[in-house]
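Enquirer: pasting the structure only:
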């Protein structure tokens, strides 16, 4: 079945006082819920719209920790007017008419919901598409095109993430997970040139889910074609044959790249959010050999079973 690029999108919100945005209004104690940051993560999926939406919702619970983050565009703003010790706040994307204006934030508005929220992500999606990598199709170095994002018919799920004063992030979802902490899982790929028999590059992609080992295996299988969204890492020095039982050490640079791609992020009040780290020792893993030219996948063994958590 044909694969397509689908997306999880997140709106990061925080409850703040006017003093968090305007230092001279620190005496006002009433709070307002504002959007200040966006998250984007793409996946390669196949299936019906209902099937893909269900998986996106399952991933939306914790995958925001691994999302690319973007500030809310400066065309959005919050403006505050004080009257007799009280304040009135408004938000929009037109030129404000009050003096106290903070750009790059917006009030959470019930009248902007569902897919109408996609407008917040226009600039973020423009920037994100430019980061999608080209990949080598074989050991000779032929490259494939960047995966195309169909913005006119983009299947996506938009989720709000509430950020507390201490930086804790919680996604507002229909069915919250029973366990507090998500489990890291990772797909690993070895690019195989069937013509020469050479393994010529490696790649990997982590995910965060809640569930059993059966759930982990199911999600990794559903996302087996995500290799087209990852950056390739050259094979370390030394010969690697496609019939080998691969050592986990082969993927050290891949995991270094993964670990380097997880960051802390600041809330409106400047406090950092919780950091998530993905390591091979923590991760439930699935490894596949991929022929980039045909997208044909073959499962392979990596190290010992004890490497799987």
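Expert: Looks like it came in fine. The structure presented is a predicted model; accordingly, all values stated were derived computationally and were not measured.
Enquirer: now residue 118, what's its secondary structure?
Expert: Here residue 118 is helix, with the state taken from DSSP: H, G, I helix; E, B strand; the rest coil.
Enquirer: need the contact list for it.
Expert: Residues near residue 118 by Cβ atoms under 8 Å, 6 or more residues apart in numbering: 9, 154, 156, 158. For every residue, glycine as well, the C-beta is placed using N, CA and C.
Enquirer: what is the lowest-pLDDT residue among those?
Expert: When the contacts of residue 118 are compared by pLDDT, residue 154 scores lowest at 94.
Enquirer: residues in contact with the closest residue to that residue other than its chain neighbours?
Expert: Once flanking residues are discounted, residue 154 sits nearest to residue 7: 6.4 Å by Cβ to Cβ, 6 or more residues apart in numbering. Residue 7 sits next to 40-43, 56, 149, 154-157 when contact means Cβ under 8 Å, 6+ apart.
Enquirer: for the residue nearest the centre of the chain, give me phi and psi.
Expert: Nearest residue to the geometric centre of the chain (Cα atoms, centre = their mean): residue 67, 2.4 Å. Per-residue torsions, residue 67: phi -80, psi 150 (degrees, to the nearest 10).
Enquirer: these two touch, right, it and residue 37?
Expert: No. Residue 67 lies out of contact with residue 37 (Cβ atoms under 8 Å); the separation is 10.0 Å.
Enquirer: run through the stretch 51-200 of the chain and note the low-pLDDT ranges.
Expert: Residue ranges of the stretch 51-200 of the chain with pLDDT under 70: 85-86, 95, 98-99, 179.
Enquirer: do a quick rundown of the helices in it.
Expert: 122-129 (DSSP state H, counting those that start in this stretch).
Enquirer: for stretch 284-302, what is the distance to the chain centroid?
Expert: 22 Å (Cα atoms, centre = their mean, to the nearest Å).
Enquirer: list the buried residues for that stretch?
Expert: Neighbour counts using 16 or more other Cβ atoms under 10 Å place 284-292, 297, 300, 302 of stretch 284-302 among the buried residues.
Enquirer: okay, how far is it across it, tip to tip?
Expert: 12 Å (Cα to Cα, to the nearest Å).
Enquirer: give the rounded mean pLDDT of it.
Expert: 86.
Enquirer: give me the residues contacting that stretch.
Expert: Contacts of stretch 284-302 with the rest of the structure, by Cβ under 8 Å, 6+ apart, involve 3, 135-138, 144, 183-194, 199, 213, 216-217, 220-221, 224-225, 227-228, 242, 245-248, 250-251, 307-309.
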